[in-house]
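Trainee: attaching a predicted model along with its sequence, questions to come.
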Amino acid sequence: MMEQRKPISVAEAIDRVIQHAQLLGEETVNLFESYGRILAQPIIAVHDVPHFDRSPYDGFAIRSVDSVGATGDKRIEFSVVDHIGAGIVSNKILTQNEAVRIMTGAPLPSGADAIVMFEQTIESSDSFTIRKPFDALENVSLQGEDVKEGEEIIEVGSLIHPGTVALLATFGYDKVQVAKQPIVGILSTGTELLDVSEPLAPGKIRNSNGPMIAAQLARMGISCKMFGLSADNLEASLEMVKSAAKETDCLITTGGVSVGDFDFLPAIYERLGAEVLFNKVAMRPGSVTTVAVANGRYLFGLSGNPSACFTGFELFVRPALLKMMGADKIYLPQTTAVLAEDFTKANPFSRFIRAVYDGATIRPAGFNKSNAVSSIARGNALIVLPGGSRGFTVGDKVDVLLLGVEEGTVKWLL
Ligand SMILES: Nc1nc2c(c(=O)[nH]1)N[C@H]1C(S)=C(S)[C@@H](COP(=O)(O)OP(=O)(O)OC[C@H]3O[C@@H](n4cnc5c(N)ncnc54)[C@H](O)[C@@H]3O)O[C@H]1N2
Ligand code: MOO
Ligand SMILES: [Mg+2]
């Protein structure tokens with residue numbers, strides 16, 4: 001008789017998965033290769049930024065005391081004693097009514113404490129006049145105004161994005177300590193599967209899950225080992241899973257996890273002596289998603305149905321891999337949006353609907369069954385409807401999970 005599987009909630013399933021994440025350790029990479037990695041050391045300011053007082057404008061550096069009393073009728077004149085651009089240090093010490101012609105980014109000369117913009121002067125050959133007094137430190141970019149030495153600016157576990165790279169460069173990190181990345185394998189099971197380049201044949205379909213998961217990993221900056229295809233044969237699949245698992249921290253299989261006569265993953269987990277964390281989740285699609293652990297390695301048994309496979313990756317594989325790298329934000333970004341289309345179907349389980357989100361409203365991305373591939377391609381987000389609900393209509397506020405931000409919008413919205 002067929003085993004009865006007991007569904008657990010999505011939250012419980014995610015919890016069980018991430019509890020088994022083992023940290024992978026650290027490595028050093030070049031700054032130029034650090035984008036997208038997880039920071040393994042905090043960024044602590046090793047000096048003030050900027051580390052000297054500087055001019056934020058093109059103009060003249062003056063002593064503010066010399067500008068006292070300046071008006072439109074009683075302009076005060078300064079004589080220009082030096083001329084510097086960014087990167088040059090003036091060796092002049094300003095005395096009464098002297099000024100240095102100074103460009104944006106250049107250090108304030110000794111004695112100077114204010115900057116007059118070109119636009120605030122009337123210039124002659126070696127002098128200029130001003131029509132208003134300047135306060136001490138007026139128009140000065142002060143040492144440490146951006147960052148103070150010793151400040152912790154970015155925490156361990158942060159994703160390195162272009163701004164992080166700029167900060168690392170500022171402090172002279174040409175090498176960066178980052179978390180090691182997991183070695184992830186992908187094995188697509190199914191006698192019906194053809195390689196992408198093969199011509200269609202009766203009853204056969206091309207393997208779309210394997211390349212899709214490789215791209216989902218690539219979106220996280222993680223590469224993978226492709227173990228190809230495995231026909232539905234218990235002994236052969238068992239050998240492939242065994243040898244692939246040996247080479248990986250995390251092996252993702254697709255297909256063969258349900259209750260069919262040729263669904264061999266449950267038997268494979270048993271033969272491996274793997275601990276099955278769950279084999280039924282109260283969600284659609286992806287209810288048969290199975291996660292097991294053997295010898296400290298993850299075995300993700302994602303459903304063969306493309307939409308279920310996609311969703312299983314985003315909900316379970318993604319946070320597990322991020323946790324292995326010590327990342328601090330392991331879950332998909334969430335928001336709420338207004339439904340732009342009725343969704344009246346009942347939701348006995350939590351439902352994840354591939355959807356198109358435009359920054360305000362959201363609508364299902366077309367044909368939305370578990371076996372759909374077109375809606376994964378059209379969608380950029382997932383609508384999340386709670387189990388036990390039904391009858392959502394236009395205008396209802398719904399929960400949304402965002403899936404990557406590679407793509408922009410068609411229109412400028414502000
Ligand atoms: N009696 C029951 N039947 C089914 C149940 C159930 O509870 N009782 N669950 C259904 C649900 S829900 C899903 S989802 C599927 C899951 O099936 P498997 O994970 O075992 O996957 P397969 O049977 O191998 O394939 C399902 C489907 O997906 C296609 N497929 C498989 N691999 C790929 C691939 N790499 N690329 C593209 N498409 C793939 C495959 O041809 C099948 O059409 O089971 C239901 N049945
Ligand atoms: O696991 Mo199935 O995707 O619930 O449709
Ligand atoms: Mg099956």
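Mentor: Nice, thanks for sending it over. Numbers count the residues shown, from 1 in each chain. Ligands and ions are numbered 1, 2, ... in the order given.
Trainee: quick one, what contacts the residue of the stretch 301-414 of the chain found nearest ligand 3?
Mentor: Across the stretch 301-414 of the chain, no residue is closer to ligand 3 than Gly304, which sits at 6.0 Å (CB to the ion). Yep, even glycine has a C-beta here, placed from its N, CA and C like the rest. The contact partners of Gly304, taken as CB atoms under 8 Å, 6 or more residues apart in numbering, are Thr189, Gly190, Asn209, Thr254, Gly255, Gly256, Val257, Ser258.
Trainee: quick check: the gap between the closest residue to it other than its chain neighbours and ligand 1.
Mentor: Once flanking residues are discounted, Gly304 sits nearest to Gly255: 3.1 Å by CB to CB, 6 or more residues apart in numbering. Between Gly255 and ligand 1 the computed distance is 3 Å (CB to the nearest ligand atom, to the nearest Å).
Trainee: if I read this right, Gly255 contacts Ser303, doesn't it?
Mentor: Yes: Gly255 is in contact with Ser303 according to CB atoms under 8 Å; the separation is 7.3 Å.
Trainee: could I get the full set of strands for the stretch 251-400 of the chain?
Mentor: For the stretch 251-400 of the chain, strands defined by DSSP state E, counting those that start in this stretch occupy the ranges 275-278, 283-284, 290-294, 297-302, 334-339, 350-357, 361-364, 381-385, 397-402.
Trainee: ok, back up a step: more neighbours: which of Gly255 and Ser303?
Mentor: Legend: neighbour count by other CB atoms under 10 Å for Gly255 and Ser303, higher for Gly255 (29 against 25).
Trainee: not counting sequence-adjacent ones, nearest residue to the residue in the stretch 101-250 of the chain that ligand 1 sits nearest to?
Mentor: The nearest approach of the stretch 101-250 of the chain to ligand 1 comes at Asn209, 3.4 Å away (CB to the nearest ligand atom). In this structure, Asn209 finds its nearest non-sequential neighbour in Thr254, 4.0 Å apart by CB to CB, 6+ apart.
Trainee: coming back round to it: tell me the two of the contacts of Gly304 that are most distant?
Mentor: The span of those, defined through CB to CB, is set by Asn209 and Ser258 at 14.4 Å.
Trainee: who's in contact with stretch 247-256?
Mentor: 24, 182-190, 193, 209-210, 213, 225, 227, 232, 237, 241, 244-245, 262-265, 297-304, 309, 313, 317, 320-321, 324.
Trainee: quick one: is that stretch near ligand 3?
Mentor: No: using CB under 5 Å from the ion, we find that stretch 247-256 stays clear of ligand 3, coming within 5.9 Å at best.
Trainee: roughly how far apart are Arg318 and ligand 2?
Mentor: As judged by CB to the nearest ligand atom, Arg318 and ligand 2 stand 17 Å apart.
Trainee: try Glu119
Mentor: Going from Glu119 to ligand 2 by CB to the nearest ligand atom gives 65 Å.
Trainee: who has more neighbours out of Asn209 and Ser258?
Mentor: Asn209 (27 against 20).
Trainee: quick check: the more buried one touching Ser188?
Mentor: Yes: contact criterion CB under 8 Å: Asn209 and Ser188 qualify, at 5.5 Å.
Trainee: got the phi/psi numbers for the residue nearest the centre of the chain?
Mentor: Central residue of the chain (CA atoms, centre = their mean): Leu159, 6.3 Å from the mean position. The phi and psi values for Leu159, taken as degrees, to the nearest 10, are phi -70, psi 130.
Trainee: could you measure from the nearest residue to it once chain neighbours are set aside over to Lys225?
Mentor: Excluding its sequence neighbours, the residue lying closest to Leu159 (CB to CB, 6+ apart) is Ile38, at 6.2 Å. Ile38 sits 20 Å away from Lys225, going by CB to CB, to the nearest Å.
Trainee: one more: Arg297?
Mentor: Separation of Arg297 from Lys225 (CB to CB): 13 Å.
Trainee: do Leu167 as well
Mentor: Distance from Leu167 to Lys225, by CB to CB: 33 Å.
Trainee: which one's more surrounded, those two?
Mentor: A side-by-side neighbour count of Leu167 and Lys225, using other CB under 10 Å, places Leu167 first with 17 against 14.
Trainee: is that one in a helix, a strand, or coil?
Mentor: helix (DSSP: H, G, I helix; E, B strand; the rest coil).
Trainee: who are the contact partners of it?
Mentor: Here Leu167 is in contact with Ile43, Ile153, Ile154 (criterion: CB under 8 Å, 6+ apart).
Trainee: reformat those residues as CSV; add pLDDT and distance to Tyr357.
Mentor: Formatted as CSV, the contacts of Leu167 follow (pLDDT from 0 to 100; distance: CB to CB, whole Å):
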residue, pLDDT, distance to Tyr357
Ile43, 96, 32
Ile153, 97, 31
Ile154, 97, 29
